[in-house]
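K.L.:
mind folding the following:
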Amino acid sequence: MLDLIILSLHFFICFLISVAIWRGPKDVDLHRSSTGTAEMEPDGLILIGKEDDIKRSQRITAKVNGREIVVFYHEGKFHAMDSRCYHEGGPLCLGEIEDINGQACIICPWHKYKITLETGEGLYEGINPLEPSPTPQWQSKGVKQRIHKVTIDNGNIYVSPPDLSVSFDSDYFADKYKNSGDLAMEK
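P.N.:
The predicted model follows:
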């Protein structure tokens with residue numbers, strides 16, 4: 001009987017370890033206060049993290065007023081935007097950054113939508129059928145993704161709270177995943 005109890009305890013501990021490994025480490029949310037949101041400074045800026053840490057990791061996600069954002073460090077510049085793609089809510093923090101027509105773009109890992117880091121414009125490759133030999137060219141769909149202003153001060157990275165008086169397509173998914181706790185990485 002004792003052997004059965006020890007064996008059951010062994011399997012239970014193995015189960016707990018496998019669950020811990022499966023869930024993995026959570027997305028880093030640096031400098032949270034006890035309420036679970038990023039710390040707001042007296043000037044209204046929200047502290048995201050240390051400049052050197054973000055440069056080293058190249059990207060970091062954080063919550064700003066419950067809203068998931070991602071901060072990228074690419075080619076010497078910091079860029080911040082809503083972490084969910086405007087199209088179907090794909091996790092932009094998992095996307096690759098590519099240069100398209102001289103613009104740094106994040107590529108959504110779900111459907112390969114291209115979004116400029118600088119402006120949040122959605123890009124697509126289109127042709128003009130009226131041209132005699134139409135060749136595909138990159139075109140803008142307009143600004144689709146909410147961009148957040150980044151400020152660097154004394155080795156810290158801050159973002160400005162979003163101006164919600166102006167709406168963007170990405171707001172739908174930002175609201176859908178607001179206060180959800182974890183970034184849902186699967187479709």
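K.L.:
where do the strands of this structure begin and end?
P.N.:
46-50, 59-64, 67-74, 77-82, 96-100, 103-107, 114-116, 121-126, 137-143, 147-148, 150-153, 156-159 (DSSP state E).
K.L.:
right, so of the ones you listed, which gets closest to Ile13?
P.N.:
When the strands of the chain are compared by CB to CB, strand 59-64 sits nearest Ile13, at 31.7 Å. All C-beta spots, glycine's among them, are computed from the backbone N, C-alpha and C.
K.L.:
list the buried residues in that closest one.
P.N.:
Arg59, Ile60, Thr61, Ala62, Lys63, Val64 (16 or more other CB atoms under 10 Å).
K.L.:
turn the strands of the chain into JSON lines, including mean pLDDT and distance to Asp3.
P.N.:
Formatted as JSON lines, the strands of the chain follow (pLDDT from 0 to 100; distance: least, CB to CB, whole Å):
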{"stretch": "strand 46-50", "mean pLDDT": "95", "distance to Asp3": "51"}
{"stretch": "strand 59-64", "mean pLDDT": "93", "distance to Asp3": "47"}
{"stretch": "strand 67-74", "mean pLDDT": "96", "distance to Asp3": "49"}
{"stretch": "strand 77-82", "mean pLDDT": "98", "distance to Asp3": "55"}
{"stretch": "strand 96-100", "mean pLDDT": "97", "distance to Asp3": "52"}
{"stretch": "strand 103-107", "mean pLDDT": "98", "distance to Asp3": "55"}
{"stretch": "strand 114-116", "mean pLDDT": "98", "distance to Asp3": "59"}
{"stretch": "strand 121-126", "mean pLDDT": "96", "distance to Asp3": "63"}
{"stretch": "strand 137-143", "mean pLDDT": "95", "distance to Asp3": "66"}
{"stretch": "strand 147-148", "mean pLDDT": "96", "distance to Asp3": "59"}
{"stretch": "strand 150-153", "mean pLDDT": "95", "distance to Asp3": "60"}
{"stretch": "strand 156-159", "mean pLDDT": "96", "distance to Asp3": "56"}
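K.L.:
as a markdown table, those strands with distance to Tyr177 would be great.
P.N.:
Output for these, formatted as a markdown table (distance: least, CB to CB, whole Å):
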| stretch | distance to Tyr177 |
| --- | --- |
| strand 46-50 | 18 |
| strand 59-64 | 10 |
| strand 67-74 | 6 |
| strand 77-82 | 9 |
| strand 96-100 | 21 |
| strand 103-107 | 17 |
| strand 114-116 | 17 |
| strand 121-126 | 19 |
| strand 137-143 | 20 |
| strand 147-148 | 16 |
| strand 150-153 | 21 |
| strand 156-159 | 17 |
